[in-house]
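Visitor: next come a sequence and a model predicted from it.
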Amino acid sequence: MKSGKRSANYWANCVNTMQDHLLLTAGPTPISEEVKQILSHSMFYHRSEKFIQTYESVTHRLQYWLRTKNDVIILTGSGTAGMEATISNLFSPGDHVLVVENGKFSQRWSEIAEAFQLKVFRLVVPWGKSVGAEALVKNLTAIGSLKGIFLTHCETSTGALTDLEIIIPAIRHQTSALIVVDAISSAGILPLKPDDWGIDVIVSASQKGLGLPPGLAFVALNNRAWIFSEQSELPKYYLDLTRARQSFQLGRGALFTPAISLIFAADHVLSQIQQKGLENIWRERQSLAHQFRARLTELGLSLFPEIPADSMSVIKFEPSVNAKQVHAELKEKFGILVSRGQGQLAQKVIRVGHMTNIGEPELERCLSAIQTILSTKIG
């Protein structure tokens, strides 16, 4: 085979190899057979009446999924696109913002904000820990003219949960700053009630709680956030939330060409979620996480985060066990794909996702494999 060229058989073999693996990463999640069928349908024109109706349906169903009555804007891109859109549409150069950093993905808020020349104040929390209301109040009152507070509901690098239900009411009346939450690894999986709790902006995406391929980002904004958008002086074009909102309100659907197949798949999945009931799904995911962790305890293992989110289980190992090797053996010997530890946790933890389209049989298979691997290293 000549360099740079790949045959159809090559790609078919790649797909078959991946299909043989059990996907238990911290995102993306497995997709259902029904979604696969929808994604294989003939292409639609995104300005057709049928597609615009579906686009509107998805937008309204997302309000149910995110438990909000506020506007939800759909973007074509990953969750990071939603994060960048939030900053570029709602803030201006020099604005003071507070970012709670307790892992790799919460640090991304700081990186994006600094790229757009915002003045970032960091509340650094040790990896695996969760910020408390007292520490947050102390920091926000020390910052003058604070415009934004950025939180991460589930920090995917550590599995730590930020208890928004407790924290946000404690700070909501202490500041006029926008409260922005990354819910990419929590929406549709963990209890999330932005309107009740006082969250101004929620960012999420398609590849975790919805069980879809990556490619859609969602930004839900309340009226306070839209007022901030009118004052923003940062450049934006493709991720212009105001223009996207106007396009939707005028009945034109998406501002630019969207991920058409993903929109149809999202409509199907969101319809199923409504039929099942979001609260029932929250309870189901919680029960599954607790069962999995009880079995981990039986194996003598424990979790890394102090307050774990039920989206995933970040498993820590004794210093004598290299987590990177466990990760490699799960893949090579057992056909199980989990997520590696990141940064300072690279050799200390593995991250097992149990977000969507994953049940007891899949997690039991993972547990059995981990037990076998550890028996050869410790026994």
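Guide: Cool, the structure landed.

Visitor: burial count for G359?
Guide: Neighbour count for G359, taken as other C-beta atoms under 10 Å: 10. Using the backbone N, CA and C atoms, a C-beta is placed for each residue, glycine as well.

Visitor: count the residues that sit near the closest residue to it other than its chain neighbours.
Guide: Closest residue to G359 apart from its sequence neighbours, by C-beta to C-beta, 6 or more residues apart in numbering: L288 at 6.9 Å. Neighbours of L288 under the rule other C-beta under 10 Å: 18.

Visitor: look up how far T257 lies from L288.
Guide: Here the criterion is C-beta to C-beta, to the nearest Å. By it, L288 lies 37 Å from T257.

Visitor: got it, and L337?
Guide: 31 Å.

Visitor: between the two, which is the more surrounded one?
Guide: L337 (16 against 9).

Visitor: identify the bridge partners of the more buried one.
Guide: L23 (DSSP bridges).

Visitor: picking up where we left off before, what sits against the residue nearest to G359?
Guide: D310, H354, I358, G359, E360, L363 (C-beta atoms under 8 Å, 6 or more residues apart in numbering).

Visitor: again with H354
Guide: Listed by C-beta under 8 Å, 6+ apart, the contact partners of H354 are L24, R285, L288, A289, F292, D310, S311, M312, S313, L363.

Visitor: could you dump the residues you listed to JSON lines with distance to I199 and secondary structure?
Guide: Compiled in JSON lines, the contacts of H354 are given as follows (distance: C-beta to C-beta, whole Å; DSSP: H, G, I helix; E, B strand; the rest coil):
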{"residue": "L24", "distance to I199": "29", "secondary structure": "coil"}
{"residue": "R285", "distance to I199": "20", "secondary structure": "helix"}
{"residue": "L288", "distance to I199": "26", "secondary structure": "helix"}
{"residue": "A289", "distance to I199": "23", "secondary structure": "helix"}
{"residue": "F292", "distance to I199": "28", "secondary structure": "helix"}
{"residue": "D310", "distance to I199": "19", "secondary structure": "coil"}
{"residue": "S311", "distance to I199": "18", "secondary structure": "coil"}
{"residue": "M312", "distance to I199": "22", "secondary structure": "strand"}
{"residue": "S313", "distance to I199": "26", "secondary structure": "strand"}
{"residue": "L363", "distance to I199": "31", "secondary structure": "helix"}
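
Visitor: out of these, which one sits closest to N223?
Guide: Nearest to N223 among the contacts of H354: S311, at 29.3 Å, using C-beta to C-beta.

Visitor: per-residue confidence at A8?
Guide: Note on A8: pLDDT of 62.

Visitor: quick one: low-confidence ranges for the protein?
Guide: By pLDDT under 70, the low-scoring segments of the chain are 1-19, 378-379.

Visitor: can you list the domain ranges for it.
Guide: Using automatic domain parsing, the domain parsing of the chain gives 18-32+277-378, 34-274.

Visitor: give me whichever of these is most buried.
Guide: domain 34-274 (a mean of 19; mean count of other C-beta atoms under 10 Å).

Visitor: residues contacting the residue lying closest to G215 once chain neighbours are set aside?
Guide: Of all residues not flanking G215 in the chain, A259 sits nearest, at 4.5 Å (C-beta to C-beta, 6+ apart). The contact partners of A259, by C-beta under 8 Å, 6+ apart, come to T76, G215, L216.

Visitor: same check, this time on V219
Guide: Neighbours of V219 in contact, by C-beta under 8 Å, 6+ apart: V72, I73, L75, G82, A85, T86, V201, I202, V203, L241.

Visitor: I'd guessed the fifth one sits against L241; true?
Guide: Yes: taking C-beta atoms under 8 Å as the definition, A85 is a contact partner of L241 at 5.8 Å.

Visitor: joint contacts of those two?
Guide: By C-beta under 8 Å, 6+ apart, A85 and L241 have these common neighbours: I73, V219.

Visitor: since that was my last question, I'll sign off now.
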